[in-house]
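[1] following is a predicted model, sequence given first.
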Amino acid sequence: IYWTSWDLFWRSLKQPADGSGLSAGYNQPKPGRYIEMGRSGLVASLAGYIPGSFSLVEFLDNFYATQQDDGFICREIDPASGKAVHDAYNPNSTGPNLLAWTEWRHFRLTGDKDRVASVFWPLLALHRWSRANRTWRNGLYWTTAYASGLLNQPRVSGSRFHHNHWAWIDASAQAVINCAMLERMASVLGEQEQVNDVTSEREKLVRVINAEMWNEELHFYQDIGPDNGFSDVKSIAAYWTLLNPYLVPKERLIPFVQHLRDAWSFHTENVVPSLSADADAYNGRTGNGWRGAVWPGLTYMVLRGLHANEQTNLAHKLAVNQLEVVRRVYEDTGFFWENYAPEEAVPGDPSEVDNSGTTASAIIPMVLESVLGLAVDWPLRQITWRRLLDRQQSYGVRNLPLGNEGTIDLVGDDESVHVRTDAPITLAIYGDH
């Protein structure tokens, strides 16, 4: 399934047409649809795993090229014209903002400081625009079902194209992630004084999210309404909180993550459903879009959050489950799909064949990071291998890129590990305990 993912991924990439106004390639959108910020961020996060001169992260330059003077970047671009689709003050005009997270991930995989320097100021301007135009009530963020990507999920009544005056957990958690990434970029560039406001905002958001958006009865983070009431459902959107390891307090982490182990909540036959199984709107048979369907891109988000919080074994088990479902459906249908049913190895309904490369873009790092257990931190020249698979047979990876300085082979069984590398590294290997 790993090599199939790469093949389907490469097929999904497109070069801009002459006169389109696009500055870089892009992943193919659905017919008649637009290039999306969220999908592009997921696809570009693979950049560090591609050796050679091909720079996938430059696909994000299409969005930076549309940035307005006040910092706004639209969430959708017309591939024919290269222009933004929405007016800035349309409630559905931007998000989810994963650009800084993707750029920082690229830096940790490649050590490309020049790239950080080129995108830092546009990203900072976008964040400040979002803070000025997408917040209220103690600085919490809002979005809409359309802008969040979870179109038909009944988190907030009447919110498909409007915020409905709620504070949204995914938008607020993504803002915390964005702040943290900008702070790290500023540190690398020696620009720490330029992000004092970002640091203050992150610290405040962490306090307010934990004070207002944590439902102690359910042990879960939820959207909150203008009357301070919680949403009626538990959404996968809450797990964006895990991507910043300092957002969820230690005493809340275990009960929060327990939902990913409980069959009545988020550990359905196929993981991870977009809506908890105990919700009235949950559709176990088809998934019905965001009412339970399993979307590999969001599963990957959950896995990254688990790794960030040292929940490696759980991330491994969930990844193996997800890959098995994708494999079985591929064998039955010959395709990767946008989403899958939560309780049977079939495509979700509604679902479409994934021609955008989004599913493949999630499967590839799932295999490398959560199944094989590899982690590359190239600025530190550090490779970590957590060996969670059965070591009775030999397994590993060959030609894994090390920034632009070479590649590494890591292959081992129960008795030995063989290492070949083109560059000096620090290698840490852990067993399954």
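    Received the coordinates, thanks. Residues are numbered from 1 along each chain as shown.
[2] am I right that Ser356 is in contact with Tyr26?
    No: in this structure, Ser356 is not within contact of Tyr26 by C-beta atoms under 8 Å, at 9.6 Å. All C-beta atoms are positioned from the backbone trio N, CA, C, and that covers glycine.
[3] mind listing what the spatially closest residue to Leu150 that is not a sequence neighbour touches?
    What sits nearest to Leu150 in space, not counting adjacent residues and going by C-beta to C-beta, 6 or more residues apart in numbering, is Trp290, at 4.4 Å. By C-beta atoms under 8 Å, 6 or more residues apart in numbering, the contact set of Trp290 is Leu150, Leu151, Asn152, Gln153, Ser274, Leu275.
[4] in terms of helix, strand or coil, where does Trp290 fall?
    Three-state call for Trp290 (DSSP: H, G, I helix; E, B strand; the rest coil): coil.
[5] so which residues of the stretch 51-200 of the chain form helices?
    61-64, 99-110, 113-133, 145-148, 169-189, 196-212 (DSSP state H, counting those that start in this stretch).
[6] how about these, which one is nearest Ile408?
    In terms of C-beta to C-beta, the element of these nearest to Ile408 is helix 99-110, at 12.6 Å.
[7] those strands in this structure, which residues are they?
    Assigned by DSSP state E, the chain shows strands spanning 13-14, 26-27, 35-36, 76-77, 135-136, 140-141, 214-215, 220-221, 374-377, 382-386, 395-401, 407-412, 417-421, 426-430.
[8] and these, which is most packed in?
    Of all those, strand 220-221 carries the top mean neighbour count, a mean of 28, counting by mean count of other C-beta atoms under 10 Å.
[9] which secondary structure elements does that strand contact?
    Counting contacts by 3 or more C-beta pairs under 8 Å, 6 or more residues apart in numbering; DSSP states H and E, strand 220-221 packs against strand 214-215.
[10] what is the strand it packs on packed up against?
    strand 220-221.
[11] strands paired with the strand it packs on, and their directions?
    Strands adjacent to strand 220-221 in the sheet, as given by DSSP bridges, are strand 214-215 (antiparallel).
[12] re the thing from before, farthest pair in the contacts of Trp290?
    Pairwise distances across the contacts of Trp290 peak at 12.3 Å for Leu151 and Leu275 (criterion: C-beta to C-beta).
[13] neighbour count winner among the two?
    For Leu151 versus Leu275, neighbours defined as other C-beta atoms under 10 Å are more numerous around Leu275 (29 against 13).
[14] the more buried one pairs with what?
    Bridge pairing for Leu275 - DSSP bridges - gives Ser235.
[15] what's it in contact with, if anything?
    Contact analysis of Leu275 by C-beta under 8 Å, 6+ apart lists Gln153, Val233, Lys234, Ser235, Ile236, Ala281, Tyr282, Trp290, Arg291, Gly292.
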